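Enquirer: make a model of this:
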Amino acid sequence: MGNRVLKPIMETTGEARRQFLAYFSGLGLGATLLPGVLWAQVQEDAQHDEEQRVTPAMLKDALALSGLSFPEEDQKAMLQGVNRNLGNYEALRKIHIPNDVSPPFYFNPLVPGMKVNRLKEAQRFSMPGVKRPANLEDVAFWSITQLAQLLRTRQVSSVDLTQMYLDRLHKYNAKLNCVVTFLDDVAMAQAKQADAEIAAGKYKGPLHGIPWGAKDIITVRGYKTTWGSDAYKDQMLDNEASVVEMLRDAGAVLIAKLTSGELAQGDRWFGGTTKNPWNLSEGSSGSSAGPASATAGGCVAFGIGTETSGSILSPSARCGVTGLRPTFGRISRYGVMALSWTQDRLGPLCRYAEDCAVVMSAIARPDGRDMSVSDIPFNWNVHLDIHKLRVGYLKDAFEETKDAPLKRLDDKALEQVQALGVKLIPVKVPDWNVDVTSIGVESAVFFDELVRSGNDKKLTNPARANGFRASRVVPAVEYLQSQRARAIMMAKLAEATADVDVYLCPGIGGGPPPGGAAGGGRGRGADGPNPRRQSPTQRHFTMANLACYPAVAVPHGFSEAGTPSSITFYGRPFGEAEVLALAKAYQDAAGFHLKHPNLGS
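Expert: As a prediction, this is how the structure comes out:
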């Protein structure tokens, strides 16, 4: 057959694509691993055989890898069809697919029977009485609502507040290593605009004039978006993330691009390791390492991070900040690096639960770009009666804690929640032992061009690409079957949590995570141990993460070494307001969020 057949097919790629798809669909193999395996073999064979043809031996090997077996006569017919339609892969791989193009199907965290409030209500925030201190730096660890009152009453200007945070960021970055790009000029221009608007009576709300930082997988037009990697450290993207636009529209002041672990994993990036302000000898955990470190260090009023499997909750727990992982579909991911189109979420890392609500009020809405975003309103009411909430706790998870000091902190937190006047309902973690994560295949798709080009060798950690390569041989049928199984798992978790609005679980930041991964200690995430060996805490984390439930990490004490510990408040999909309301009530009673690290001079 050779070049006489292959060459015209390659020159007529559109027709070849249609023939190829029709042929495999007719055999019922269009979604299997077989076509990809065959093409890989053809490409390898092509180095030695100018004819670039699929041989019977290659077909037989591909069938074996795909778990399929056909009679010789059927294999001969398949061989003719495959050789007629090789052009499809070549044509597809010549197409450059921009980063912001996602597959045209969208994950939904709701399962049949779930009900959500679709009625938009007025936002109601705290309005604390505040007085500017003599030394403005004393407000570095204040909540957003307190800072907002200083700005609204014009006791302080946004320019002065922004300059104070910039000074701290420049001063302490040498210790924290939390900044990729300082945005002093952008920050001061936005702060001056905020001051002019407030002076003119055009106050936009509690984010107006508030300085913040963005994790550096979030695109800001005109500035590098490095994804924390040597392979992308000079990358300039010609778009801007929706979350950046929304916060700018709300009057917030962007002062820096903050560090992300390489390709949104861990706390190590091409500039080193981002540090925990409470213990500079350890990393801040990943991969929203910079937002957690800078917020904990009083260098920004809040940060925006991302999570696929623990990357908001884990660094929040490690650094003692209040980090919200919202429901999937709450916040647009347009302009943000993807790891998994069915797991990625953006969320705020703050010092106080209500701060998270303030940020959510500005960014939790559709943008017409990320089609996975649901038009379900985020309704914050600071006066919500928590006594009307059904509150649970994962009994098995709390009972499994072996570390005595940590168990005392857990027990004390449960006592303080009950002292608020709520009854704790035991919730049992469902049994589940099948890995249904989507991150391996979906991240391999996003980074396909990186691997094909050979630029994976430029990664700060080149071994990171091993997972991308391994995912190439996951059959499409098995991937989709795993996602059907994921739906079954989601239904199990929904049934287990049907009788509660909010429930408590041990935090996931128990100890230094192996390799700076998503979580450590007692609550490693979905990239942790084999699901068959997971403890109740680990199993629940994996299930709730893959079901895309909202969760907020809240400091609940300190270890004997003086580092923060954490507890996690979970809710059912789109129940962030209830989760944050109970977390706020706990924080108001416990007060651990008011403590902050001493970074010295």
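Enquirer: helices of the stretch 301-450 of the chain, start to end?
Expert: 313-319, 353-363, 395-399, 404-419, 439-446, 448-453 (DSSP state H, counting those that start in this stretch).
Enquirer: for Arg168, which of the ones you listed is the nearest?
Expert: Closest to Arg168 of the helices of the stretch 301-450 of the chain, according to CB to CB: helix 313-319, at 15.4 Å. C-betas here are computed from N, CA, C, even on glycine.
Enquirer: got the CA coordinates for stretch 90-108 in CSV?
Expert: The C-alpha coordinates for stretch 90-108 follow below in CSV (Å, rounded to 0.1, in the frame of the first residue of the first chain):
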residue,chain,number,x,y,z
GLU,A,90,-1.8,13.9,11.7
ALA,A,91,-4.3,16.5,10.8
LEU,A,92,-5.6,16.8,14.4
ARG,A,93,-2.1,17.2,15.8
LYS,A,94,-1.3,20.1,13.4
ILE,A,95,-4.1,22.1,14.9
HIS,A,96,-2.9,24.5,17.7
ILE,A,97,-5.7,24.6,20.3
PRO,A,98,-5.4,27.7,22.5
ASN,A,99,-5.3,27.3,26.3
ASP,A,100,-8.7,28.8,26.8
VAL,A,101,-10.5,26.2,24.7
SER,A,102,-12.2,23.5,26.8
PRO,A,103,-14.0,20.4,25.7
PRO,A,104,-17.7,21.2,24.8
PHE,A,105,-19.1,19.2,27.7
TYR,A,106,-19.5,20.4,31.3
PHE,A,107,-19.4,18.8,34.7
ASN,A,108,-22.4,19.4,37.0
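Enquirer: for it, list every residue counted as buried.
Expert: Residues of stretch 90-108 classed as buried by neighbour count (16 or more other CB atoms under 10 Å): Glu90, Ala91, Asn99, Asp100, Ser102, Phe107.
Enquirer: which one of the residues you listed is nearest Asn466?
Expert: Nearest to Asn466 among these, with distances taken as CB to CB, is Asn99, at 22.0 Å.
Enquirer: let me know the pLDDT of the closest one.
Expert: On pLDDT, Asn99 comes in at 91.
Enquirer: and for Arg4?
Expert: In the predicted model, Arg4 carries a pLDDT score of 35.
Enquirer: before we move on, the earlier item: how about the buried residues of stretch 90-108 in CSV, adding secondary structure and distance to Ala256?
Expert: Putting the buried residues of stretch 90-108 into CSV (DSSP: H, G, I helix; E, B strand; the rest coil; distance: CB to CB, whole Å) gives the following:
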residue, secondary structure, distance to Ala256
Glu90, helix, 43
Ala91, helix, 43
Asn99, coil, 22
Asp100, coil, 23
Ser102, coil, 27
Phe107, coil, 31
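Enquirer: those: which two are farthest apart?
Expert: So, the buried residues of stretch 90-108 by CB to CB: farthest apart are Glu90 and Phe107, at 30.8 Å.
Enquirer: tell me what the helix or strand hosting Leu92 is packed against?
Expert: Leu92 belongs to helix 87-93 when elements are defined using DSSP states H and E. Applying 3 or more CB pairs under 8 Å, 6 or more residues apart in numbering; DSSP states H and E, we find helix 87-93 packed against helix 2-11, helix 13-27, helix 34-46.
Enquirer: the last one: what's the following helix or strand?
Expert: For helix 34-46, the succeeding helix or strand toward the C-terminus, using DSSP H and E, is helix 56-65.
Enquirer: how far off centre is that following helix?
Expert: When C-alpha coordinates are averaged (CA atoms, centre = their mean, to the nearest Å), helix 56-65 and its chain have centres 39 Å apart.
Enquirer: in it, what counts as buried?
Expert: Neighbour-count burial for helix 56-65 [16+ other CB under 10 Å]: Met58, Leu59, Ala62, Leu63, Leu65.
Enquirer: run through the bridge partners of Val391.
Expert: Leu424, Val502 (DSSP bridges).
Enquirer: you'd agree it is up against Val417?
Expert: Yes. With contacts counted by CB atoms under 8 Å, Val391 reaches Val417, the gap being 7.0 Å.
Enquirer: between the two, which is the more surrounded one?
Expert: Neighbours per residue (other CB atoms under 10 Å) separate Val391 from Val417, with Val417 holding more: 26 against 22.
Enquirer: chain neighbours aside, what residue packs nearest to the more buried one?
Expert: In this structure, Val417 finds its nearest non-sequential neighbour in Tyr586, 5.7 Å apart by CB to CB, 6 or more residues apart in numbering.
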